[in-house]
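Peer 1: build me a model from this:
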Amino acid sequence: MRNLLVDKKSGADIKVKVRNLIFGGKEKIIISGPCSVENYDLMLKIAVQLKKIGVHMLRAGAFKPRTSPYDFQGLQYEGLKILKAVSKETDMPVVTEIMDPRDVEMSMDFTDMIQVGSRNMYNYSLLKELGKIKAPVLLKRGMSATLSEWLKAAEYIVSGGNENVVLCERGIRTFESYTRNTLDLNSVAAIKQSCRLPVIADPSHGTGLRELVPSMSLASIAAGADGLIIESHLCPENSLSDSRQTLSIEALNSLISSVKKLEGLL
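Peer 2: Model (predicted):
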């Protein structure tokens with residue numbers, strides 16, 4: 001089984017359903033939340049505010065792969081329990097990262113969509129395990145991955161029987177050091193032209209600078225992205241991780257209004 005995704009002639013575009021949301025449909029899906037699950041009370045307050053301003057889906061990391069072993073690694077399984085409780089309280093679907101293939105089956109009881117982070121795009125054992133289930137998967141591009149390598153990672157999941165894959169362009173490592181990464185919107189346009197899977201963009205990790213997130217969010221939508229995943233927090237400066245790229249709820253609300261206006265023009 002080869003090129004299941006790349007050749008649009010091999011079938012219709014794939015639409016991925018997460019509860020009542022459709023990735024690849026007419027509406028641009030907005031996912032947001034803090035980088036990490038910090039505690040239940042704060043997570044619930046954030047989720048309530050996000051739902052009020054029109055965010056469709058909640059994101060937060062329970063397992064946090066960090067470059068330094070001394071940095072905050074997330075609340076782990078306790079974080080998953082918090083996400084499930086907040087999701088139930090607010091009726092918002094949740095996406096969170098799973099790193100270990102042994103945790104895949106267990107995680108389906110806590111999250112609506114499983115994220116494969118940039119560092120795990122090459123974790124083929126994890127990709128194969130995700131191919132055995134039907135749960136939606138958000139597959140982030142590896143930080144140094146080519147477009148071809150990224151799509152082949154998706155093929156691992158799809159060839160295993162799970163077509164519920166949403167791609168996420170989150171920026172790649174280049175010689176440029178002003179921004180955290182280089183958000184490669186060429187890939188978004190290319191995927192919409194030649195690939196059957198939906199694709200969203202992550203301007204938070206793509207830039208690493210909150211002041212650039214709104215502009216690159218709109219550029220992502222203009223390039224054809226089916227949605228956005230954006231880090232947000234009630235107090236961005238106090239976020240336990242990735243505070244520099246995190247938006248306030250007020251800033252996110254303004255951005256969502258701009259996205260809706262742009263949607264109406266496309």
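Peer 1: chain neighbours aside, what residue packs nearest to residue 162?
Peer 2: Nearest residue to residue 162, sequence neighbours excluded (Cβ to Cβ, 6 or more residues apart in numbering): residue 131, at 5.0 Å. C-beta: built from backbone N, CA, C; applies to glycine.
Peer 1: which residues are contacting the least confident helix or strand in the chain by mean pLDDT?
Peer 2: The weakest-scoring helix or strand in the chain, judged by mean pLDDT, DSSP states H and E, is helix 104-107 (a mean of 92). When contacts are taken as Cβ atoms under 8 Å, 6 or more residues apart in numbering, the neighbours of helix 104-107 outside the stretch itself are 80, 96, 98, 114, 126, 129, 130, 133.
Peer 1: list the buried ones in that helix?
Peer 2: Residues of helix 104-107 classed as buried by neighbour count (16 or more other Cβ atoms under 10 Å): 104, 107.
Peer 1: before we move on, what about stretch 179-188?
Peer 2: Of the residues in stretch 179-188, those buried under the neighbour-count criterion (16+ other Cβ under 10 Å) are 179, 180, 181, 183, 184, 185, 187, 188.
Peer 1: tell me the two of those residues that are most distant?
Peer 2: Farthest apart among the buried residues of stretch 179-188 by Cβ to Cβ are 180 and 188. That separation is 18.0 Å.
Peer 1: and the helices in the stretch 151-266 of the chain?
Peer 2: Ranges of helices in the stretch 151-266 of the chain, per DSSP state H, counting those that start in this stretch, are 185-194, 203-207, 213-223, 249-265.
Peer 1: for the first one, the distance to its chain's centre please.
Peer 2: Centroid separation between helix 185-194 and its chain, computed with Cα atoms, centre = their mean, to the nearest Å, is 17 Å.
Peer 1: also stretch 171-180?
Peer 2: Between the mean C-alpha location of stretch 171-180 and the chain-wide mean there is a distance of 19 Å, by Cα atoms, centre = their mean.
Peer 1: and stretch 113-122, by the same measure?
Peer 2: Its chain's C-alpha centre lies 9 Å from the corresponding centre of stretch 113-122 when counted by Cα atoms, centre = their mean.
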